[in-house]
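Colleague: The amino acid sequence is not available; the structure is as follows:
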């Protein structure tokens, strides 16, 4: 059994959003839909201000609230711990989206797909080949690029990151990259730990 | 660790509170019709008032599914929502509606034509109907309270408020129908009037408790309650939920008794208040900031 997850090294993240673009390209995401975002947090008063970049994506929680509330069985967890949505089973009720404490789900509409990235109803070849994977009306989210993981590759956001701020691997393997980094840096912090969802995404700073 | 001073950030790439926008007016309307219908049916059944029972079944059996289907992303596959009653309140609720409506029709037919002759089968059907109606009245509250992401909803008071509003609006509609159509004696009308007043007070207490619990729970709950009582939604929340939905009916019923004008004003006020509550409680739901590192990094 594997337990795939990710570690974000906040000291390395420079907020370039290359991961966001890499993800959108890999997954052919329509306008307004993001599987990962690099949020910014500003502090201080001019001229003494500071900014922290905080990458976010689906935390693939071990105790995933989205899976618990799904009435159709569309949300499920793979053996390797990746939380998936089966577009064929999803009815688009949105209960998973309101149950996710991390606001990491999006609903893809027919209008969104028809409109396209450029808003003129003219789809590029890239969009045409990519939008076939979506069932209009269903809820979609990050799946750690499961097709890439199955092929032994890292998710697109990880390979796109120019500073190696995203570290992906198996938390059940003591020698995996995320475990090694977490050991070296004294452990990581899970987001909204008080929600008890057991995220498989950690932050080190 | 969540950010205590984070702003509302919309869809921007800033850290802060974000509105949930997945459940909106169609879902709120479906919840409204479901709870209204089950409450009206139960109250009317208690008073053997067939018109109210029929209206309750129509509200839950037609109004609620219609608005649910308008909300669904894939309406053609909505039947799949019954598949996980072991873990999902949506599944449990849908199954209870599928039991409530046909069994409720049998109860109506029994009251109208006496097909059971007062026997065991009739009582069994009534028991199943009441049990299903209770689930229909409360499951939406349970579905919301199980959502730990939205602090405003994540309270055991959510199903209690669903129950209170279902009974309150059911009483309002039953009394309104009885005043317009007749069919209930004076003693029943006086009893309904007393129940109505009592439920108004109970609902007010539950609303205040819910707001208090959310405000003193988490920062997200505090943000939502602030939106409801001080900021963006304060005008409709104070005016419609409290004003039209609680205070106006209390005044009308207290001073007008069971006069038609008082009953019409009170019933319409309650329905407006209940619907507004359903919509605003969705609108004010916010996700908390996922994480904040400013303090950890020594930036604040």
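Modeller: The structure has been received and is ready for your questions. Just so you know, these numbers come straight off a predicted model, no measurement behind them. Numbers count the residues shown, from 1 in each chain, chains lettered A, B, ... in the order given.
Colleague: Angles on the backbone of residue B:27, please.
Modeller: phi -70, psi -40 (degrees, to the nearest 10).
Colleague: Equivalent analysis for residue B:286, please.
Modeller: Backbone geometry at residue B:286, expressed as degrees, to the nearest 10, gives phi -130, psi 150.
Colleague: excluding its backbone neighbours, what's nearest it?
Modeller: residue B:17 (4.5 Å; CB to CB, 6 or more residues apart in numbering or on different chains). Where C-beta positions appear, they are placed from N, C-alpha and C, glycine not excepted.
Colleague: Next: residue A:67.
Modeller: Setting aside the residues directly before and after it, residue A:67 is nearest to residue A:75 in space (CB to CB, 6+ apart), at 4.5 Å.
Colleague: How about residue B:35?
Modeller: With CB to CB, 6+ apart as the measure, residue B:166 is the residue that lies nearest to residue B:35, at 3.9 Å, once sequence neighbours are left out.
Colleague: Residue A:167 too?
Modeller: Counting by CB to CB, 6+ apart, the residue nearest residue A:167 is residue A:7, at 4.4 Å.
Colleague: if we can go back for a sec, could you count how many residues lie near the residue nearest to residue B:286?
Modeller: Counted with other CB atoms under 10 Å in any protein chain shown, the burial measure for residue B:17 works out to 21 neighbours.
Colleague: pLDDT score for it?
Modeller: In the prediction, the pLDDT value recorded for residue B:17 is 92.
Colleague: Need the residue closest to the centroid of the chain.
Modeller: No chain was given, so I picked chain A. Here the mean C-alpha position of chain A is nearest to the C-alpha of residue A:57 (CA atoms, centre = their mean), at a distance of 3.0 Å.
Colleague: other chain: chain B
Modeller: Within chain B, and using CA atoms, centre = their mean, the residue nearest to the centre is residue B:162, at 4.0 Å.
Colleague: Count the neighbours of the residue nearest to residue A:167 for me.
Modeller: A count of nearby residues for residue A:7, using other CB under 10 Å, gives 24.
Colleague: pretty sure residue A:169 belongs to a strand, no?
Modeller: Yes - with DSSP: H, G, I helix; E, B strand; the rest coil as the criterion, residue A:169 is part of a strand.
Colleague: Strands of the stretch 51-200 of chain B, start to end?
Modeller: Taking DSSP state E, counting those that start in this stretch, the stretch 51-200 of chain B contains no strands at all.
Colleague: Helices of the stretch 51-200 of chain B, start to end?
Modeller: The residue ranges that make up the helices of the stretch 51-200 of chain B, judged by DSSP state H, counting those that start in this stretch, are B:64-71, B:89-113, B:120-145, B:157-181, B:186-215.
Colleague: Of all the residues in the next helix or strand after the last one, which ones are buried?
Modeller: On the C-terminal side of helix B:186-215, the closest following helix or strand by DSSP states H and E is helix B:219-229. Under the neighbour-count criterion of 16 or more other CB atoms under 10 Å in any protein chain shown, helix B:219-229 has B:219-228 buried.
Colleague: State the mean pLDDT of helix B:219-229.
Modeller: Mean pLDDT, computed over helix B:219-229, is 94.
Colleague: And stretch A:17-36, by the same measure?
Modeller: Per-residue confidence for stretch A:17-36 averages out to 96 on the pLDDT scale.
Colleague: Next: stretch A:129-143.
Modeller: Along stretch A:129-143, the predicted local confidence has a mean pLDDT of 95.
Colleague: circling back: how about TSV for the helices of the stretch 51-200 of chain B, with mean pLDDT added?
Modeller: Shown next, in TSV, are these (pLDDT from 0 to 100):
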stretch	mean pLDDT
helix B:64-71	96
helix B:89-113	97
helix B:120-145	97
helix B:157-181	97
helix B:186-215	97
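Colleague: Just want the residue of chain A that's nearest chain B.
Modeller: Each residue of chain A has a distance to chain B, by CB to the nearest CB, and the smallest belongs to residue A:92, at 1.8 Å.
Colleague: Can you get me a residue count around that residue?
Modeller: With neighbours defined by other CB under 10 Å, the count for residue A:92 comes to 25.
Colleague: Phi and psi next, for the closest residue to it other than its chain neighbours.
Modeller: Using CB to CB, 6+ apart and skipping the chain neighbours, the partner closest in space to residue A:92 is residue B:73 (1.8 Å). Summarising the backbone geometry of residue B:73 under the convention degrees, to the nearest 10, its torsions are phi -70, psi -40.
Colleague: Let me see the contact set for the nearest residue to residue A:122 once chain neighbours are set aside.
Modeller: Distances taken as CB to CB, 6+ apart put residue A:116 closest to residue A:122, at 6.3 Å, once the chain neighbours are dropped. If you count contacts by CB atoms under 8 Å, 6 or more residues apart in numbering or on different chains, residue A:116 has them with A:30-31, A:122-124, A:127.
Colleague: Look at residue B:5 and report its pLDDT.
Modeller: Here, the pLDDT recorded for residue B:5 equals 59.
Colleague: Next: residue B:297.
Modeller: Listed pLDDT for residue B:297 reads 56.
Colleague: Give the full set of residues in contact with the residue nearest to residue A:167.
Modeller: Under the criterion of CB under 8 Å, 6+ apart, the contact list for residue A:7 reads A:166-167, A:178, A:181-182, A:188, A:201-204.
Colleague: By proximity to chain A, which residue of chain B wins?
Modeller: Using CB to the nearest CB, the single residue of chain B nearest to chain A is residue B:73, 1.8 Å away.
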